[in-house]
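>>> Need coordinates for the following:
(one chain, ligands or ions: 2)
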Amino acid sequence: MTINVRQFGGLSRDPVLPITEIEHSAFCKSESDLPAKPLLDEIKVNVRWQKIPVKYLHLTAEELDVRIHEAREKLGNRVVILGHHYQREEVIHYADFQGDSFLLSRQAANQTEAEHIIFCGVHFMAETARILCSPQQRVILPNMAAGCSMADMAPTGDAMDAWDDLEALLGKGGVVPITYMNSTAEIKALCGRNGGIVCTSSNAVRVFQWAFERGERVLFLPDQHLGRNTALKLGIDLDEMIVWSPFKALGGHTPERVRSSKVILWQGHCSVHTRFTVRQIKAARERYPGINVIVHPECTMETVQAADVSGSTEVIRKAVNESPPGSKWAIGTEISLVNRLAKSNPDKVVFCLDPIVCPCSTMYRIHPAYLSWVLDALAAGELVNEIRVEDETMGHARTALERMLLVG
Ligand code: 13P
Ligand code: SF4
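Ligands and ions are numbered 1, 2, ... in the order given. Coordinates of the predicted model:
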C-alpha cells in the first residue's frame, strides 16, 4: 500500500537556523582573549546576554572573586555549585562538583542538603537538575541566555509533530524514542510518556541496547552525529539509518523508507564539535607521529572513525589525566576543557585539534559576574534565575531520566 506523505506532518517549510547557532562564530577569538574581562567588555560581542544590574558590568575577575567568596561564606552549605567541564577557568574553580552531563545529573539527584543548586552549565543541564532534585530545592542558572544550539535544533513542537507522524505511520510501539540529554524537558517528557529514555554521551551505547530490547526501531533526538556514531558501534548499517528533517513532510522520506529504517536520526548537530575534521587529525599525526587522537562523539562519523578513541568529556578528561608522562594528545572537544587538561598535564603534549579558538558560545556566557549576581541575590534573600518545569512535564521527564540512571 502506498501512503501519501501529505497525510503526515503537512507541508515542507524553509529551514530555520536557531539564533544560538548563528551567534556561535561571534565567540571565536585568539587564545590570549580567553581569560575573563569585565563583562562590559565581553558584552561587546554582539549576541544576546541576559540583563544584569549595572554594577556587575565593570568588575574585574579579581573583584568578582572577592565578592563570590564573601557571598559563599554567608550562604555556607545552603548552596551547592555544579560545574560542567566546559565552563571557563574563572568559573569552574567555584564548583563543588565538576563532571560531564551524566555525572552532574547524578550529583543533582544526590544533593539532598543544599537549599539551592547553582548550575554552571547550560539550560538543559540546569533543567535536568531541577527534574531530578527534590521539590523543595531550587535550581539556578546564572545566565538564562546560556542555552545550547543543538538543543535549539529540536523545538518541542517540531519533535511532537514528528512523533505524531511516526506513531500514525508505525503504530504504537513501532518506535522507541531516545533523547540526548541536550534537549528540552518537554522532549524528555515525550520519551518518558512513550516508553522511551534519555541518554548522555557516556551511556549512549547501553541506552540504545536498552531501547532495542524493547522495540525494533529507534528515534534519536537531537544529535544526528552521536546517534549515528552510536548505532555504528552497535553494528547497524548506514543504510538502516535515516535523517529526519523537521522542515520536510514526514522528515523528507517516503513511508516505505521510514518503515524500512532501524534508526531515525533527528537533523541536529553541535556547532562546536562539527568543526573537528579528518584533515585536522591528519595534520596532528604528521606533526606528532604516534599521537593519541581523542574526540567527543558529537563529532561527525568521519572524524570519530579517524580518531583513536571517542568519549564523553569525563572519558576525555580521565584518558589524558591518567596517561603516562610524555604522552601526546590531540583533542576534539571544547577549548576550555582542552586548555585545562593542557595546563594540569605539563609533562604531556596536549592540544586542541582545531587551530581556531571557538569556545561553546553558550557555556561561555556563564561569566563570573553572573555567578556573583545570583549568589549576592541569594545572600540577600532573593531568588533570581530560578529554573522551573511544569509539574506534568516534570513527572514524565523524570521517568525517562530515571530509566537512564538505572541503565547507568
Ligand atoms: P558530556 O555529557 O560529554 O559532558 O557532553 C555534554 C555536551 O554538551 C557536549 O557538547
Ligand atoms: Fe550544546 Fe555543543 Fe555547547 Fe555542548 S558544546 S552545550 S552540544 S552547543
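
>>> C-alpha from now on. contacts and neighbour counts both.
Noted.

>>> Next one: residue 254 from ligand 1, what distance?
Counting by CA to the nearest ligand atom, to the nearest Å, the gap from residue 254 to ligand 1 is 32 Å.

>>> tally of neighbours for that residue?
14 (other CA atoms under 10 Å).

>>> can you list the residues of this protein near ligand 1?
Within the chain, the positions adjacent to ligand 1 are 100, 101, 102, 200, 201, 312, 313 by CA under 6 Å from any ligand atom.

>>> Out of these, name the ones that lie in helices.
Residues of the residues of the chain next to ligand 1 located in helices (DSSP state H): 101, 102, 313.

>>> Can you pull the domain assignment for this protein?
Each domain of the chain is listed here as a residue range: 36-147+362-389, 151-271, 273-352, per automatic domain parsing.

>>> Pull out the buried residues from the host helix or strand of residue 128.
Secondary-structure element containing residue 128, defined by DSSP states H and E: helix 123-132. When burial is assessed from 16 or more other CA atoms under 10 Å, helix 123-132 yields the following buried residues: 123, 124, 125, 126, 127, 128, 129, 130, 131, 132.

>>> ok now that helix, how far from the chain's centre?
11 Å (CA atoms, centre = their mean, to the nearest Å).

>>> What's the local residue count around residue 310?
For residue 310, the count of nearby residues is 24 (other CA under 10 Å).

>>> What's opposite it in the beta bridge?
residue 295 (DSSP bridges).

>>> Quickly note the distance from it to residue 287.
Note on residue 310: its distance to residue 287, by CA to CA, to the nearest Å, is 21 Å.

>>> Centroid-nearest residue for this structure?
residue 182 (4.4 Å; CA atoms, centre = their mean).

>>> hang on, the earlier thing: now distance to residue 401 and mean pLDDT too, for the domains of the chain, in a markdown table please.
What follows is the domains of the chain, written out as a markdown table (distance: least, CA to CA, whole Å; pLDDT from 0 to 100):
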| stretch | distance to residue 401 | mean pLDDT |
| --- | --- | --- |
| domain 36-147+362-389 | 8 | 96 |
| domain 151-271 | 6 | 98 |
| domain 273-352 | 18 | 98 |
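
>>> Tell me which of these lies nearest to residue 398.
The closest of these to residue 398 is domain 36-147+362-389. By CA to CA, the value is 6.0 Å.

>>> per-residue confidence for residue 4?
On the pLDDT scale, residue 4 is placed at 49.

>>> nope, residue 29 is what I was after
The model's pLDDT for residue 29 equals 89.

>>> Give the full set of residues in contact with the closest residue in space to it that isn't next to it in sequence.
Among residues not flanking residue 29 along the chain, residue 357 sits closest, at 5.6 Å (CA to CA, 6 or more residues apart in numbering). Neighbouring residues of residue 357 by CA atoms under 8 Å, 6 or more residues apart in numbering: 28, 29, 30, 31, 335.
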